[in-house]
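A.B. asks: okay, predicted coordinates and the sequence, questions at the end:
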Amino acid sequence: MAETGSLNGPQRQHLLSSCQYADKLLSEVEAILDASQSKSVFPKYNGGLTLAQARLVEDYIGRIRSQILRALESQGIAPPQPALRTLHSVRVTLTFASVAFEECTAQKMRGYGEVPAHIAPELNGLVNEIKAMLDRLHGYLGEDPARDPAERLRRLDRTGEEVELLRKLAADIAQHGLVDYRARLSVILDRMESNSFEIAVFGRVSCGKSSLLNRVAGVEILPVGVNPVTAVPSRIAYGPKPRLLVATAGEALRELDLARVREFVTEQENPANRKRVERLVVEYPSDRLRDGVVLVDTPGLGSLACAGAAETMAYLPRCDLGVVLIDAGSTLTAEDLSTVQALHEAAIQTAVVLSKADLLAGEDVGRVKEYVNQQIRSHLGLELPIHAVSVQPGFTDLLDRWFAEELAPLYERHRELTQESLRRKIGALRDAVAASLRARRDGAARAGPEFADAETRLRRAAGRFEEVREACFRETHEIRQYARTFLQEAARSVMPVTWKGLAELASTAAAAKAGPIRTRLEALAGELAATLRDVAELLDEESPHEDLAAIVKEMPRIDLGSGELQLRSPWIAAISQGLAHRRLERQLEEAAGERIEEAFATFGSLLESWCRRVCGEIEVRFNNYADAYRARLAEHVDDEHN
């Protein structure tokens, strides 16, 4: 009699579930095999199988899975399709890992007890280091797979020694896990895939970058008279019609009317880059841009928008020519010197230009140029030509002469110069990769506790940022709440209480309250600079010339504005000094209490923004060196551990 019927629904589901569970257990066996061979710092298994045993287990797992599939097929049961995308799952897991480390800062761990003061900086530094690496990995995984260096080199329709060298460098970076050089390789490939010649202008806020670029482009494109301090460089390129291209976080590049550029590049309409602009391109049919020249306006250094300064420093290696613009009215600053040095170290051709030369008398122009030249020579050991320009009527011949003598020849030779720029960048990357590989080869001979100590010192130095920020923000909060105490102090002052006297007293009190903040930031900058110098010496590298303490300047001041006070004479002073003070305090509160409270609240907020900017800028400059040093130190420390 022929057999009839088949498994019912619950039976089929039970068989599928059992097979899925068995396959999950087999995957766990595979994970055990992998983990037993892993170099994890927290190994789960002690000892491993022999090679023959491991191979036998793998073969049996393959056979068992084949049988599972055949058993399901015999019952007409199709295995379900995967529900989760691998890339998405990996990125989500990395986000959880980042959150887990965020919970390990000294501040977050206080719930388990107070963290010892000497441990907090290293703990915070460790969290910052690992979170930064996780963020970079998360960002790389978010890129289009076609952006992989090996794939981009394969598609590159070019030949020559440079391309072959890049292929070898890409292979070395991938083979030896030199992830710190991946970003530099990507920058070079970006430039090779583009026919443009990027001229970027760097400088402090209000030094005249936008006015200069408008004049060079031959059209008023960028807004002037405001502080364009959003956190992205703004590109001006040739286009058949005027238009604005903007990409914000998570969105593709979209076309907008050119008149809307102010909405994205000014602090007034996009404070702290709240619109999350990631890329901004202005296209215009300018003859000076027709042959592939791109002008780039970078966020101003030294602004309250510290994210803008960080983005400027991150963009810097991408340009082909860097123009460092120095305000002739305020002369050279630490930021200017740092920018010139960073351009030189990135193998980028550099021009130094004095803006607003109309502010100088004719005979002073030469003296200021010589002073700037001497400072660059003294601090950086570089010889660079210095040019003076102005966009003001009656002085535009200076700018026209600079363009004709310096920029116009570069326009004509921009393709040749692009190749020269690429060769310099490729050469710098080759030297850096070679140095890392030599360090790995020779690391065993040089490995020692001093390298681990230096790595720890860098970590502790980085962890000090969190500690200093917390202290500064705590003190700025106290300043915002200081109005009541100030009224009491003013009432006890022996000086005549006039509005001018009140303003002077407020200025003195505010400076005294803010003084420790400045001292703390200067001490942090000095400590970081000393750490960089010591680590550079250990690695036999040239010591940074950075004067990080020079960033701590231009502190905000309190402003009570103008006004008048009409206070009644405290006649009761003859009876009781204390009652007289309280009477005068009430009069001050009635006459000026709201303005004093507003003044201290505003001053505290400005001071907090200043602290964020200064801390952010010091951190950016410190990490410019520290990241490279960490990679070198890790090679020696890893060799010692292995």
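C.D. replies: Good, I have the coordinates. Numbering: from 1, shown residues only.
A.B. asks: quick one, helices of the stretch 351-500 of the chain?
C.D. replies: Along the stretch 351-500 of the chain, the segments classed as helices by DSSP state H, counting those that start in this stretch run 362-380, 396-402, 408-412, 414-446, 449-480, 483-491, 499-538.
A.B. asks: just checking, what packs against whatever helix or strand comes next after the longest one?
C.D. replies: Right, the one you point to is helix 499-538. Using DSSP states H and E, the helix or strand that follows helix 499-538 in sequence is helix 577-641. If you count contacts as 3 or more Cβ pairs under 8 Å, 6 or more residues apart in numbering; DSSP states H and E, helix 577-641 packs onto helix 306-315, helix 334-345, helix 414-446, helix 449-480, helix 483-491, helix 499-538. Just so you know, the C-beta spots here come from the backbone N, C-alpha and C atoms, and that holds for glycine as well.
A.B. asks: among the helices of the stretch 351-500 of the chain, which is nearest Val277?
C.D. replies: With Cβ to Cβ as the criterion, Val277 lies closest to helix 449-480 of the helices of the stretch 351-500 of the chain, at 25.4 Å.
A.B. asks: and the helices of the stretch 351-500 of the chain: which comes nearest Pro79?
C.D. replies: Pro79 lies closest, by Cβ to Cβ, to one member of the helices of the stretch 351-500 of the chain: helix 414-446, at 45.0 Å.
A.B. asks: just the terminal-to-terminal distance for stretch 153-161.
C.D. replies: One end of stretch 153-161 to the other measures 13 Å (Cα to Cα, to the nearest Å).
A.B. asks: kindly state the beta-bridge partners for the closest residue to Lys369 other than its chain neighbours.
C.D. replies: Distances taken as Cβ to Cβ, 6 or more residues apart in numbering place Ile386 nearest to Lys369, at 4.3 Å, with adjacent residues excluded. According to DSSP bridges, the residues that bridge with Ile386 are Val352.
A.B. asks: so what's the residue count around Ile386?
C.D. replies: The number of residues packed around Ile386, counting by other Cβ atoms under 10 Å, is 19.
A.B. asks: would you confirm that it contacts Tyr371?
C.D. replies: No. Taking contacts as Cβ atoms under 8 Å, Ile386 lies outside contact range of Tyr371: 9.3 Å.
A.B. asks: save the helices of the stretch 351-500 of the chain as TSV, and put in mean pLDDT, mean neighbour count and distance to Ile119 too.
C.D. replies: Converted to TSV, those look like this (pLDDT from 0 to 100; neighbours: other Cβ atoms under 10 Å; distance: least, Cβ to Cβ, whole Å):
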stretch	mean pLDDT	mean neighbour count	distance to Ile119
helix 362-380	84	15	37
helix 396-402	80	16	55
helix 408-412	72	14	53
helix 414-446	75	16	28
helix 449-480	88	18	9
helix 483-491	83	18	35
helix 499-538	89	18	17
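A.B. asks: these: which one's closest to Cys615?
C.D. replies: So among those, helix 449-480 is nearest, using Cβ to Cβ, at 5.6 Å.
A.B. asks: between that closest one and helix 414-446, how big is the angle?
C.D. replies: Put simply, helix 449-480 runs at 120 degrees to helix 414-446, going by axes from the mean of the first three to the mean of the last three Cα atoms, to 10 degrees.
A.B. asks: check the offset of helix 449-480 from the chain's centre.
C.D. replies: Here the centre of helix 449-480 is set off from its chain's centre by 17 Å, with Cα atoms, centre = their mean, to the nearest Å.
A.B. asks: now the angle between helix 483-491 and that helix, please.
C.D. replies: Helix 449-480 runs at 70 degrees relative to helix 483-491, counting by the same axes, to 10 degrees.
A.B. asks: what's helix 449-480 packed up against?
C.D. replies: helix 120-141, helix 499-538, helix 577-641.
A.B. asks: go through those helices and name the closest to Ala435.
C.D. replies: Closest approach to Ala435 among the helices and strands packed on helix 449-480 (Cβ to Cβ): helix 577-641, 7.7 Å.
A.B. asks: show me the shaky parts of the stretch 151-300 of the chain.
C.D. replies: 157-159, 206, 225-232, 249-250, 272, 300 (pLDDT under 70).
A.B. asks: no no, the stretch 501-642 of the chain
C.D. replies: Those would be 544-546, 566-581, 635-642, if you go by pLDDT under 70 across the stretch 501-642 of the chain.
A.B. asks: let's see 90
C.D. replies: For the stretch 501-642 of the chain, applying pLDDT under 90 flags the ranges 501-506, 533, 535-599, 605-606, 608-642.
A.B. asks: any idea how far Ala328 is from Met561?
C.D. replies: Actually, residue 561 is Gly. It isn't Met. For Gly561, the distance to Ala328 equals 32 Å [Cβ to Cβ, to the nearest Å].
A.B. asks: which of the two has more neighbours?
C.D. replies: In terms of neighbours (other Cβ under 10 Å), Ala328 is the more surrounded of Gly561 and Ala328; the figures are 24 against 9.
A.B. asks: for the more buried one, grab phi and psi.
C.D. replies: phi -60, psi -20 (degrees, to the nearest 10).
A.B. asks: quick revisit: could you export the helices of the stretch 351-500 of the chain to a markdown table, including columns for distance to Gly208?
C.D. replies: Formatted as a markdown table, these follow (distance: least, Cβ to Cβ, whole Å):
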| stretch | distance to Gly208 |
| --- | --- |
| helix 362-380 | 15 |
| helix 396-402 | 10 |
| helix 408-412 | 20 |
| helix 414-446 | 24 |
| helix 449-480 | 31 |
| helix 483-491 | 39 |
| helix 499-538 | 28 |
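A.B. asks: go through stretch 382-395 and flag the buried ones.
C.D. replies: Neighbour counts over stretch 382-395 (16 or more other Cβ atoms under 10 Å) mark 382, 384, 386-391, 395 as buried.
A.B. asks: in strands, which of those residues appear?
C.D. replies: Those of the buried residues of stretch 382-395 mapping onto strands are 386-388, per DSSP state E.
A.B. asks: for Asp291, state which of those residues is nearest.
C.D. replies: Asp291 lies nearest to His387 out of those, by Cβ to Cβ, at 22.7 Å.
A.B. asks: any figure for the gap between that closest one and Lys356?
C.D. replies: Distance, His387 to Lys356, by Cβ to Cβ: 13 Å.
A.B. asks: could you point out which element follows the host helix or strand of Ala52?
C.D. replies: In this assignment (DSSP H and E), Ala52 forms part of helix 51-74. Using DSSP H and E, the helix or strand that directly follows helix 51-74 along the chain is helix 86-102.
A.B. asks: roughly how far is that next one from the heart of the chain?
C.D. replies: Centre to centre, stretch against its chain (Cα atoms, centre = their mean), the figure for helix 86-102 is 21 Å.
A.B. asks: do stretch 119-133 as well
C.D. replies: Chain-centre distance of stretch 119-133: 16 Å, with Cα atoms, centre = their mean.
A.B. asks: parallel or antiparallel, which strands does the helix or strand encompassing Gly322 pair with?
C.D. replies: Using DSSP H and E, Gly322 maps to strand 321-327. Sheet pairing of strand 321-327 (DSSP bridges) gives strand 197-202 (parallel), strand 349-355 (parallel).
A.B. asks: let's have those strands in JSON lines, adding mean neighbour count.
C.D. replies: Listed next are those as JSON lines, based on neighbours: other Cβ atoms under 10 Å:
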{"stretch": "strand 197-202", "mean neighbour count": "25"}
{"stretch": "strand 349-355", "mean neighbour count": "23"}
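A.B. asks: of all these, which one is nearest Lys553?
C.D. replies: Nearest of the strands paired with strand 321-327 (Cβ to Cβ): strand 197-202, 18.8 Å.
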